[in-house]
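*Asks:* Sequence first, then the predicted structure, then my questions.
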Amino acid sequence: QVQLVESGGGSVQAGGSLRLSCVASRYTDSAKCIGWFRQAPGKEREAIATIYTNGVTTYADSVKGRFTISQDYAASTVYLQMNSLKPEDTAMYYCAAKSGYCYFAPERFSSWGQGTQVTVSS
């Protein structure tokens, strides 16, 4: 399995921006797809963006047009640029990796980071 470490979370006001980073211990067949997920208190974990090794991306409707997922192979890092943040974006954000194709479902991912908290105030 691949080890993942997230960073970049914090507290911002509505309308602000944050960039999350997910550093992978190595890119192997177990990390063909990297996804960003979030979980708010009392809610289920939801997928918000995925990126496959060929660069194909998928976004949840709730973040489309505001969030951008990208990858830097040289740095073994996947980023999540979050713009126009809203209070409802407040959650713990996780990155995760899986082998094979991307699926927009947390249960399909086998390796998870520890999470980074994002808090958006109104």
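*Replies:* Nice, thanks for sending it over.

*Asks:* and for stretch 99-107, what are the contacting residues?
*Replies:* If you take C-beta atoms under 8 Å, 6 or more residues apart in numbering as the criterion, stretch 99-107 is touched by 29-33, 35, 37, 45-47, 50-52, 56, 58, 60, 96, 110. C-betas here are computed from N, CA, C, even on glycine.

*Asks:* Which members of those occur in strands, if any?
*Replies:* Applying DSSP state E to the contacts of stretch 99-107, the entries found in strands are 33, 35, 37, 46-47, 50-52, 58, 96.

*Asks:* Export those residues as a markdown table, with columns for pLDDT.
*Replies:* As requested, the ones in strands among the contacts of stretch 99-107 are exported to a markdown table (pLDDT from 0 to 100):
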| residue | pLDDT |
| --- | --- |
| 33 | 94 |
| 35 | 97 |
| 37 | 98 |
| 46 | 96 |
| 47 | 97 |
| 50 | 98 |
| 51 | 96 |
| 52 | 94 |
| 58 | 97 |
| 96 | 97 |
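
*Asks:* between these, which has the most around it?
*Replies:* residue 35 (28 neighbours; other C-beta atoms under 10 Å).

*Asks:* which ones are touching the spatially closest residue to it that is not a sequence neighbour?
*Replies:* Using C-beta to C-beta, 6 or more residues apart in numbering and skipping the chain neighbours, the partner closest in space to residue 35 is residue 50 (4.1 Å). Neighbouring residues of residue 50 by C-beta under 8 Å, 6+ apart: 33-36, 57-58, 69, 102-104.
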